[in-house]
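Student: Provided below for reference: sequence and predicted model.
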Amino acid sequence: MDECMTEREQTVLLVSDDAALCAAARREFEETISGLRLASVSNMEGARRILEEDAPAVILLEESTIAAKAEQRRGEAPPLGALVTSLASYAPVVVIGAAERRKELTTLIASGAADYVARDNGCLPVALGLIQRRLRKAQNLIDGTPLPFGEEKEDFGEVLRHELNNPLTGILGNAELLLAEIHRKDDGKLPNGGRQRLETIAALAVRLRETVRRLSQEWESWRTPVQ
């Protein structure tokens, strides 16, 4: 793998209750990527606490962890699409899981908000390669450093999709979940958690507006270089 840029420390949030996978991921990161903080939790409750305090560049989610926790509580596992949508409002998500569950994330994958890696013996290097690519984009693009239009003008479409689809996915996902709950209850009241979802939608809308403004400025500066 290519070395990632190391101008600032970046955080990857790993959500997995597989101790062996966590240890292997930590070794891989230490060997290939410098300037990285790996925060690992074993459940979604721990992930939400981290997300309230930190802003990870990428989230690595092991799909079987969610099903295992639901089984322990003798309840149904939440829909994978809804779960990843909620996480994608914070950062891109790379999911490791059973091959047959990939279809549940088709829309999120197409939008650029998530990647999916089928779990097998070679899944970790593939997942780490996707994470490294996300980290490079996060540092070069999201932090406001100059976009690589000068050397790779053909990548502008990919840059645009990456920058806009992530907050858009979060806005649409939270809005759809909120509307579904409102229609289900049908009592004229805001459902539990509704205020938080509205605050998330508002914050993502502001982020989207700022992203459009920054990209426009970068594009104009590339088109009209200083003489």
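Tutor: Thanks, I have the structure now.
Student: So, low pLDDT: which residues of this structure?
Tutor: When residues are selected by pLDDT under 70, those of the chain lie in 1-8, 67-78, 138-163, 165-166, 222-227.
Student: Which residue is the nearest non-sequential neighbour of the spatially most central residue of the chain?
Tutor: Within the chain, one residue has its C-alpha closest to the average C-alpha position: by C-alpha atoms, centre = their mean, that is residue 92, at 1.7 Å. Leaving out its chain neighbours, the residue that sits closest to residue 92 by C-beta to C-beta, 6 or more residues apart in numbering is residue 134, at 5.1 Å. The C-beta positions use only the backbone N, C-alpha and C, and glycine is treated the same way.
Student: Am I right that that neighbour falls within a helix?
Tutor: Yes. The assignment for residue 134 by DSSP: H, G, I helix; E, B strand; the rest coil puts it in a helix.
Student: Check whether the residue nearest to the centre of the chain really touches residue 59, as I assumed.
Tutor: Yes. Checked against C-beta atoms under 8 Å, the pair residue 92 and residue 59 is within contact range at 7.2 Å.
Student: Just to be sure, residue 187 is in a helix?
Tutor: No. Using three-state DSSP, the assignment for residue 187 is coil, not a helix.
Student: and the gap between it and residue 181?
Tutor: 11 Å (C-beta to C-beta, to the nearest Å).
Student: If you count surrounding residues, which of the two has more?
Tutor: Between residue 187 and residue 181, counted using other C-beta atoms under 10 Å, the more crowded position is residue 181 (15 against 8).
Student: and residue 190, helix, strand or coil?
Tutor: Using three-state DSSP, the secondary structure recorded for residue 190 is coil.
Student: Might you report the residue contacts of it?
Tutor: 182, 198 (C-beta atoms under 8 Å, 6 or more residues apart in numbering).
Student: Wasn't residue 196 part of a helix?
Tutor: Yes. Following the definition three-state DSSP, residue 196 is counted among the residues of a helix.
Student: now the strands for the chain?
Tutor: Taking DSSP state E as the criterion, the chain carries its strands at 10-15, 36-41, 58-62, 93-97, 114-118.
Student: If we go by neighbour counts, what in the last one is buried?
Tutor: Buried residues in strand 114-118, counted by 16 or more other C-beta atoms under 10 Å: 114, 115, 116, 117.
Student: From the contact counts, what lies against that strand?
Tutor: Using 3 or more C-beta pairs under 8 Å, 6 or more residues apart in numbering; DSSP states H and E as the contact definition, the elements that strand 114-118 packs against are strand 93-97, helix 106-111, helix 123-137.
Student: could you redo the last one with a cut-off of 6 Å?
Tutor: With contacts defined as 3 or more C-beta pairs under 6 Å, 6 or more residues apart in numbering; DSSP states H and E, strand 114-118 has these neighbours: strand 93-97, helix 123-137.
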